[in-house]
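> Prediction below, plus the sequence it came from.
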Amino acid sequence: MKFSKIISITLIIIMLLYIVLSSFEGLGNISYAGQNISIEEAERMAPGITSLVNNLRNAHPNYNFQFYNTGIDWNEAILREYQGHGASPKNLFNTSNSYSGMWYCPVCGTKNYDNGSLCCASMDALRYMMDPRNSITENSVFQFKSLEAPDVTYEDVVRVIAGTFLDHEECARAVVEASQKYNINGYYLVAKMLTEHGKNGSTLSNGVQVNGVTYYNFFNIGAYGNGVQAIITNGANYAASKGWNSKAASIIGGAEFAKSSYVGKGQNTCYYQKFNVVNTESGLFSHQYAQNILAAENEGSKLRANYIINGQVTGNHTFIIPLYSNMPQTAQARPSTATQNRISYETAVVTANGGLKVRSRQDINSAHIGSIPQNTGVKVLIRAASQNNGYYWDLVIADSSGLCGYVARNYIRKTGEGSNAGSSSPTEYVPSNPTPTPNPSNPTNPKPSTPTEVNETTLRIVNESLQVSANMTLADLKVKYPNAVVKDGNDKLGTCSKVTIDGKDYDVMKKGDVNGDGDVNILDTVAILNHIKETNKITNVAKLEAAKIKCEGSITVTDVVALLNYIKETTADLKIK
């Protein structure tokens with residue numbers, strides 16, 4: 001009887017807590033409810049889009065257009081793509097006479113990334129490339145084509161690969177087999193390989209020896225790093241780990257990766273693979289195939305060219321057009337190459353104990369997109385002119401990670417001024433009310449930043465999964481793996497983030513981080529309770545494992561209690577087993 005009363009009281013407390021916390025759902029894992037819409041609704045969201053679509057329909061009556069409201073705010077989408085400055089920017093471009101001036105990010109300037117010839121793209125460049133109205137044209141619309149259908153024959157493929165590094169019977173047959181096996185557009189597979197390696201191929205498509213065996217990586221999967229040699233080494237090691245010791249194996253294996261990781265998860269157009277605004281399971285804005293800001297346009301152009309070669313460009317094609325909330329009345333003009341992109345900023349340092357949360361908008365209820373550690377330097381790009389919910393929300397970029405977003409001014413302290421133009425004259429930094437207020441950087445008090453011992457209960461690698469305890473940080477991970485890197489330009493380990501170790505990618509499972517924001521706090525209890533009540537079931541495998549606080553078979557209220565004990569600091573850590 002006594003035990004039953006304890007259980008009943010516990011359940012009542014948990015349910016009361018759930019009811020109280022329901023009003024705070026906006027503090028953490030923000031939900032973006034996307035949906036298909038009519039062309040009339042699309043016109044209201046993006047004025048002028050109807051005439052662009054009608055122009056193509058008049059020229060190609062068999063073209064079919066679908067319109068998708070992503071549910072994402074336009075300015076937030078641009079900000080979420082404008083990340084990784086100084087470390088690994090999400091969007092890069094090859095500099096040339098056509099891509100210079102305002103294409104350069106004013107923070108990174110002409111700093112080279114990746115293979116040494118790519119530079120960080122500006123917000124103007126992002127606004128231009130991400131606005132679909134700039135691409136609903138004859139030459140660019142195929143970046144929106146649905147990629148879910150096998151629509152090539154062997155003869156079709158032979159014609160489109162003629163004169164390229166793919167011009168082999170083995171490659172042609174592998175493309176057809178992969179297209180049919182994975183229900184994926186064969187021309188898209190060819191376009192992606194040519195985008196990755198060029199017409200004549202490159203080192204990874206020609207084959208690289210690893211331990212005496214030649215491996216091929218036709219899709220450049222896992223090929224990244226600063227410098228050509230790092231890219232080749234990582235790409236070759238990935239191919240070796242998959243056993244791609246023939247051209248056919250690489251093509252079929254790469255196609256399976258593209259289908260299971262992208263096309264099959266909603267990223268079923270070239271646009272969605274470059275700008276992930278649909279795949280919430282893998283993480284919006286973080287599960288993107290390439291850093292090249294022109295990747296979608298380039299692959300779409302090659303896709304269209306393949307249809308032209310076989311006389312099929314006027315056939316039945318379905319295009320999926322993404323829309324955003326609060327889009328501008330007119331599309332962003334192409335960035336000028338004649339004007340230097342200049343910026344003035346103030347320098348500051350984070351003073352918040354335990355670090356400062358970064359938001360996607362000037363609102364405490366907007367998405368948390370990362371955190372900046374205490375005492376870290378930041379560049380203040382834009383200072384808020386007015387308060388929202390009691391705070392001035394300033395736009396900053398962290399010096400260490402390149403994380404860009406809005407922070408409460410109460411928790412940064414100005415240290416100076418700067419500019420990329422040689423001089424600056426920013427207006428006076430206006431302090432906010434210094435009266436102590438609840439820290440919007442974190443819904444709960446953070447755990448002490450003491451090092452976490454690395455052992456089998458705090459760190460484990462299982463196949464392609466990196467499992468860590470709640471307290472584990474990137475710094476702790478580097479004790480065992482010094483070259484570990486978080487791929488999304490953020491130094492925070494979080495469930496569903498990707499970490500690279502020795503050239504191999506791993507999906508992170510952080511115990512207790514159920515919503516995948518990198519922190520373990522009260523918001524994760526809300527996610528578990530939503531799952532238990534079946535109001536918002538957790539389907540992602542890593543998040544399900546993160547929710548099993550007790551490391552048992554099913555998720556129950558005992559996991560909620562265990563998580564609350566950790567949050568209250570009565571439990572030191574949440575171990576992985």
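On my side now, so go ahead. Residues are numbered from 1 along each chain as shown.
> Show the contacting residues for the residue nearest the centre of the chain.
When C-alpha atoms, centre = their mean is applied to the chain, the residue found nearest the centroid is Ser286 (1.1 Å). Ser286 is in contact with Asn276, Asp488, Cys496, Ser497, Lys498, counting by C-beta atoms under 8 Å, 6 or more residues apart in numbering. Placement of C-beta: from N, CA and C, glycine included.
> just the buried members of these?
Burial by neighbour count, judged by 16 or more other C-beta atoms under 10 Å, picks out Asn276, Asp488, Cys496, Ser497, Lys498 from the contacts of Ser286.
> Now tabulate those residues in JSON lines and tack on distance to Val263 and secondary structure.
Compiled in JSON lines, the buried ones among the contacts of Ser286 are given as follows (distance: C-beta to C-beta, whole Å; DSSP: H, G, I helix; E, B strand; the rest coil):
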{"residue": "Asn276", "distance to Val263": "12", "secondary structure": "coil"}
{"residue": "Asp488", "distance to Val263": "21", "secondary structure": "coil"}
{"residue": "Cys496", "distance to Val263": "19", "secondary structure": "coil"}
{"residue": "Ser497", "distance to Val263": "22", "secondary structure": "coil"}
{"residue": "Lys498", "distance to Val263": "18", "secondary structure": "strand"}
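> Before we move on, what's the pLDDT of the residue nearest to the centre of the chain?
Ser286 carries a pLDDT value of 83.
> got any ranges where this protein has weak pLDDT?
1-33, 115, 226, 418-452, 488-491, 568-571 (pLDDT under 70).
> So in it, which strand runs the longest?
With DSSP state E applied, the strand covering the greatest number of residues in the chain is identified as strand 63-73.
> Name the next helix or strand downstream of that strand, please.
If you walk from strand 63-73 toward the C-terminus, the next helix or strand you reach (DSSP states H and E) is helix 74-81.
> Packing partners of that next one?
Applying 3 or more C-beta pairs under 8 Å, 6 or more residues apart in numbering; DSSP states H and E, one finds that helix 74-81 makes contact with helix 123-130, strand 317-325.
> run the last query once more with 10 Å
Based on contacts counted as 3 or more C-beta pairs under 10 Å, 6 or more residues apart in numbering; DSSP states H and E, the elements that helix 74-81 packs against are strand 63-73, helix 123-130, strand 317-325, strand 356-359, strand 368-372, strand 404-408.
> Next secondary structure after that helix?
Downstream of helix 74-81, the first helix or strand assigned by DSSP H and E is strand 92-94.
> Can you give me the buried ones in stretch 355-366?
Using 16+ other C-beta under 10 Å as the test for burial, stretch 355-366 gives Gly355, Leu356, Lys357, Val358, Arg359, Ser360, Arg361, Gln362, Ile364, Ser366.
> Closest one to Asp73 out of the residues you listed, please.
Distance to Asp73, by C-beta to C-beta, is smallest for Arg361 among those, at 6.9 Å.
> got a list of what the closest one touches?
Each residue near Arg361 by C-beta atoms under 10 Å, 6 or more residues apart in numbering is listed here: Ile30, Asp73, Asn75, Glu76, Leu79, Ala367, Ile369, Asn388, Trp393, Gly405, Tyr406.
> If you rank these by neighbours, which is first?
Counting by other C-beta atoms under 10 Å, Gly405 has the largest number of neighbours within the contacts of Arg361, with 28 neighbours.
> any idea how far that one lies from Phe319?
The spacing between Gly405 and Phe319, counted by C-beta to C-beta, to the nearest Å, is 32 Å.
> next one: Gly227
When Gly227 is compared with Phe319 (using C-beta to C-beta), they lie 38 Å apart.
> How far does stretch 393-406 sit from its chain's centre?
Going by C-alpha atoms, centre = their mean, to the nearest Å, the spacing between the C-alpha centre of stretch 393-406 and its chain's C-alpha centre is 17 Å.
> What are the buried residues along it?
Buried residues in stretch 393-406, defined by neighbour count with 16+ other C-beta under 10 Å: 393-399, 401-406.
> Give the next helix or strand downstream of the strand or helix carrying Lys379.
Secondary structure assignment for Lys379, by DSSP H and E: strand 377-382. Along the chain past strand 377-382, the next helix or strand (assigned with DSSP H and E) turns out to be strand 393-398.
> That following strand pairs with which strands?
As defined by DSSP bridges, the strand partners of strand 393-398 come to strand 377-382 (antiparallel), strand 404-408 (antiparallel).
> Including distance to Phe144, could those strands go into a markdown table?
As requested, the strands paired with strand 393-398 are arranged in a markdown table below (distance: least, C-beta to C-beta, whole Å):
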| stretch | distance to Phe144 |
| --- | --- |
| strand 377-382 | 32 |
| strand 404-408 | 27 |
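> what's the closest of these to Asn206?
Counting by C-beta to C-beta, Asn206 lies closest to strand 404-408 out of the strands paired with strand 393-398; the figure is 37.9 Å.
> other SSEs contacting the next helix or strand after the closest one?
Note on strand 404-408: by DSSP H and E, the next helix or strand toward the C-terminus is strand 412-419. For strand 412-419, the helices and strands in contact under the criterion 3+ C-beta pairs under 10 Å, 6+ apart are strand 344-350, strand 377-382.
> Could you list the buried residues of the first one?
Neighbour counts using 16+ other C-beta under 10 Å place Ser344, Tyr345, Glu346, Thr347, Ala348, Val350 of strand 344-350 among the buried residues.
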